[in-house]
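Asker: Fold the following, please.
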Amino acid sequence: MAKSLIIVESPTKVKSISKFVGKNYVVKASMGHVRDLPQRRIGVDIEHDFKPEYVVIQKNKPNVTALQKAAKNVETVYLAPDPDREGEAIAWHLAELINKDANKHAKIWRISFNEITKTAVDEALKKPGRIDYNKVDSQQARRILDRIVGYKLSPLLWQKVRKGLSAGRVQSVAVRLICERQEEIDNFKPVEYWSLGARLRPDTEGKKEFIAYLEKVDGKKVEVSNKSEADALVARLNNEKYFVESIEKKEKNRNPYPPFTTSLLQQASINKLGFSAQRTMMIAQQLYEGVELGSEGSVGLITYMRTDSFRIADEAQNAARKYIEEKYGKDYVPVVPPKYKSKKRAQEAHEAIRPTYMDHPPEKIKDFLTPEQLKLYTLIWNRFLASQMESAKLAVTTILVKADNAIFKVTGTEVMFQGFLAVYGDEEDEEEKEDKILPPLTKGELLKLLELLPEQHFTKPPAYYTEATLVKALEEQGIGRPSTYAPIIFTIIKRGYIAKEQKRLYPTDLGKHINAILVERFGNIMDIKFTARMEDELDEVEQGRLSWTKVLNEFYVPFIKDLDKAQTEMERMPLKPIETDRDCPKCGKKLVIRTGRFGQFLACSGFPECKHTESISTDVKCPTPDCGGVLVQRRSGKGRMFYGCSNYPKCTFTTNSLKKLVPVEEES
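Answerer: Take a look at the predicted model:
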């Protein structure tokens, strides 16, 4: 009989960890959370210090019973869920259930590890600890906060707008960010301006030509606002002599990017791989928990993927330096191992996301990974490796060209030493992804003007949020934690408050409507700084510096006051249907656009007498030959928007985007 029981969260972890421990251990999975607040009632006694009522999750009851039975037959129980607040809460719930119904004399320990390797598991078992109740309190406070908002605010929306709506504490702030960005875009008025380039070539035949751009005229920074001003400059400078006024050469170091945190991984995965934040985290979880590598069995390939720290263990750093020297050479290894400063609120107990083994390069194990796993693992591998490499060395040449009293400028960049760029390319400056090498020139050298190139431009509105830029904004504003970014985005899209089209996130009419109501009536909840401060307070609870019940009380008192006021003063504010010029095919009254749970649809304005509805047509013909249908906008049960044939179920054609079916104009 096994003497010890190790409880982890998933069956994959069971397979990975079982091979590290001896026959005296049995490893079982909790299958995620085992207890939670009840589904059909608030489950929080607000009058008695917000005491929560926890129940065993219905679908997990058989597994919980099996875990309790297993705990009765061992001397020691090791609780080993993930090393974060959620994992600590799971460990506490397991301990409560085991103590209640199993052997009360069994010793219950908490163990955690940042990576699923033999070394990490052995070390954890050698030095077991106790449950961190400050972490548990912090998780409990967040869960109760979200439950209070959901159960108190959602009924108000049902009453004042329509049934089936819901509001979340952090999700609503994310919707606000997107609504405000949309408002900026809608209100933006472009301003015209012009640039003037000079296409030049050294007077010697055969030398490379280049373009320099006008910087100053008569000693002042040039600002050209219309065509007539541009034409005047062309007339003035067209017949002037052009010569090299000055040449400045500098060496510049381009430092490597830090290793991935959760936020940075999601941003890079969205931008480089096209994965959603939710999909990124799902694949990362698989890589962390373990992948079957043939005869090696299940192997955890990356460290824990929910982290906001840049810290790297010394052993991992040394292993990376050895690998870099062997593969790329000594010049690529920095003399002093790099250290990256984490953000103010980072939890330094965790490491950054990195590979667990340097002897598992992507090309060696690619046959064991799915295409998506391989892409994400390669991204993590390359980013970590690059973070431990020498800086790239660039030669930057700036040349000023003079004509009359006008100064033109051109800058060239040449990579002299690749450093980390040999592994992980540039993310920010598109122009510096390739060398921009200028011809050899000397000061005072005469240049030949090939042509002047006036070009009209307009200032651009702020960019739409994408999943990547929204994740970045949430982190910068202090909204949510690394583990919440992906669920936030998934939830607001599923609820129909936000739509995603060609990577852009924009608010639906429903999202704008709900946001306007919440901003007007619930200033605190919708305030970005207030939400960020709540995160800071939850961190203080975790650190034992603040009582979780105090945090809840200080939130609840003004919140319930606003809620009572809204229930009394607010009139019913249903989302107004949008009128169309189409007639209802059943009764002849006009059709209107309404917004439902799964997005917009056409409905008869004569409702409830006439209940005719239909999907919104895009006027794009279904590409299926001889179908004769058109594509209509639909939303899946998971909240994703797609287009399907109006002849469904006869024709089952669907697509996520119309971009490939109709020509789309490029953005200006």
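Asker: Skip ahead from whatever helix or strand residue 197 lives in and say which helix or strand is next.
Answerer: Using DSSP states H and E, residue 197 maps to strand 192-202. Later in the chain than strand 192-202, the nearest helix or strand by DSSP H and E is strand 210-217.
Asker: Need the residues that contact that next one.
Answerer: 195-201, 221-222, 224, 233, 399-401, 405-410, 412, 438-439, 453 (CB atoms under 8 Å, 6 or more residues apart in numbering). In this view, the C-beta of every residue, glycine as well, is placed from N, C-alpha and C.
Asker: And it, how far out from the chain middle?
Answerer: On the basis of CA atoms, centre = their mean, to the nearest Å, strand 210-217 sits 39 Å off its chain's mean C-alpha point.
Asker: got it, and stretch 196-210?
Answerer: 45 Å.
Asker: Show the buried residues in the contacts of strand 210-217.
Answerer: For these, a burial check counting by 16 or more other CB atoms under 10 Å picks out 196-198, 200-201, 222, 224, 233, 399-401, 406-408, 410, 412, 438-439.
Asker: From those, which land in strands?
Answerer: In strands, defined here by DSSP state E, the members of the buried ones among the contacts of strand 210-217 are 196-198, 200-201, 399-401, 406-408, 410, 412.
Asker: Turn those into CSV, columns for distance to residue 361 and pLDDT.
Answerer: Formatted as CSV, those follow (distance: CB to CB, whole Å; pLDDT from 0 to 100):
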residue, distance to residue 361, pLDDT
196, 50, 98
197, 45, 98
198, 48, 97
200, 47, 96
201, 46, 94
399, 43, 97
400, 47, 98
401, 48, 98
406, 54, 97
407, 50, 98
408, 48, 98
410, 41, 97
412, 35, 95
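Asker: Can you tell me which of those is closest to residue 389?
Answerer: residue 412 (24.7 Å; CB to CB).
Asker: how about the helices in the stretch 351-500 of the chain?
Answerer: Secondary structure of the stretch 351-500 of the chain, counting by DSSP state H, counting those that start in this stretch: helices at 362-365, 371-387, 467-477, 485-494.
Asker: Can you tell me what sits against the third one?
Answerer: For helix 467-477, contacts defined as CB under 8 Å, 6+ apart pick out 174, 177-178, 263, 266-267, 270-271, 276-277, 308, 463, 465, 479-480, 482, 485, 488-489, 500, 503, 505, 528, 531-532.
Asker: Derive a PyMOL selection command for the buried subset of those residues.
Answerer: Filtering these down to the buried ones (16+ other CB under 10 Å) takes a single PyMOL command:
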select buried, resi 174+177+178+263+266+267+270+276+277+308+465+479+480+482+485+488+489+500+503+505+528+531+532
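Asker: Can you list which of the contacts of helix 467-477 are found in strands?
Answerer: 500, 505.
Asker: Could you list the domains of this structure?
Answerer: 4-131, 139-150+163-187+463-569, 192-255+393-458, 262-387, 578-655 (automatic domain parsing).
Asker: Quick one: end-to-end distance for the shortest one.
Answerer: It refers to domain 578-655. Terminal residues of domain 578-655 are spaced 26 Å apart (CA to CA, to the nearest Å).
Asker: rewinding a little: looking at the domains of the chain, which is nearest to residue 156?
Answerer: domain 139-150+163-187+463-569 (6.0 Å).
Asker: Show me which helix runs longest in the protein.
Answerer: helix 133-160 (DSSP state H).
Asker: distance between that helix and the chain's centre?
Answerer: 23 Å.
Asker: and that helix, which residues are buried?
Answerer: 134-145, 147-150, 152-157, 160.
Asker: Check stretch 601-609 too.
Answerer: Applying 16+ other CB under 10 Å to stretch 601-609 flags 601, 602, 603, 604, 606 as buried.
Asker: what does stretch 444-455 give?
Answerer: 445, 447, 449, 452, 454.
Asker: Return the subset of the buried residues of stretch 601-609 lying in strands.
Answerer: Counting by DSSP E, those contribute 601, 602, 603, 604 to strands.
Asker: Who are the contact partners of the last one?
Answerer: The neighbours of residue 604, taking CB under 8 Å, 6+ apart as the test, are 584, 586, 587, 589, 591, 592, 610, 611, 612, 613.
Asker: what secondary structure does the residue nearest to residue 300 when sequence neighbours are not counted sit in?
Answerer: Leaving aside its sequence neighbours, residue 300 sits nearest to residue 116 (CB to CB, 6 or more residues apart in numbering; 3.1 Å). Of the three states, residue 116 takes coil according to DSSP: H, G, I helix; E, B strand; the rest coil.
Asker: Quick one: the ones in strands among the buried residues of stretch 601-609 as JSON lines, columns for distance to residue 130 too.
Answerer: Formatted as JSON lines, these follow (distance: CB to CB, whole Å):
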{"residue": "601", "distance to residue 130": "55"}
{"residue": "602", "distance to residue 130": "60"}
{"residue": "603", "distance to residue 130": "59"}
{"residue": "604", "distance to residue 130": "64"}
